[in-house]
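Asker: sequence and predicted model, in that order:
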Amino acid sequence: MGKGSRRFVQHSKDVVTQHSLKIPYRMTYAEAEARKLERSNVLKEGGL
């Protein structure tokens, strides 16, 4: 069981990292949504 718990700890770290990329610390939800829309527009136009 010791090895299995390490997997869950790493998974939790990855989930927190992904969440912080979507909604950075000290950013309101509205700002995060606006940023998300900007990024989706750039991707649709062939940027990044």
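Answerer: Everything's here; your move.
Asker: so how far is the helix or strand hosting residue 17 off the chain centroid?
Answerer: Taking DSSP states H and E as the definition, residue 17 sits inside helix 2-22. Computed by Cα atoms, centre = their mean, to the nearest Å, the chain-centroid distance of helix 2-22 equals 12 Å.
Asker: immediately after it, which helix or strand?
Answerer: helix 29-45.
Asker: output that next one as CSV, nothing but the C-alphas.
Answerer: Only the C-alpha atoms of helix 29-45 are listed here, as CSV (Å, rounded to 0.1, in the frame of the first residue of the first chain):
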residue,chain,number,x,y,z
TYR,A,29,-13.3,34.0,-11.7
ALA,A,30,-14.4,36.6,-14.2
GLU,A,31,-10.8,37.5,-15.1
ALA,A,32,-10.0,33.8,-15.5
GLU,A,33,-13.0,33.4,-17.9
ALA,A,34,-11.9,36.4,-19.9
ARG,A,35,-8.4,35.0,-20.2
LYS,A,36,-9.8,31.6,-21.2
LEU,A,37,-11.9,33.2,-24.0
GLU,A,38,-8.8,35.1,-25.2
ARG,A,39,-6.8,31.9,-25.3
SER,A,40,-9.5,30.0,-27.1
ASN,A,41,-9.7,32.8,-29.8
VAL,A,42,-6.0,32.7,-30.3
LEU,A,43,-6.0,28.9,-30.7
LYS,A,44,-8.9,29.1,-33.2
GLU,A,45,-6.9,31.7,-35.2
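Asker: what mean pLDDT does stretch 12-28 have?
Answerer: Stretch 12-28 carries an average pLDDT of 82.
Asker: neighbouring contacts of the helix holding residue 17?
Answerer: For helix 2-22, contacts defined as Cβ atoms under 8 Å, 6 or more residues apart in numbering pick out 32, 36. (Each C-beta comes from the backbone N, C-alpha and C, glycine too.)
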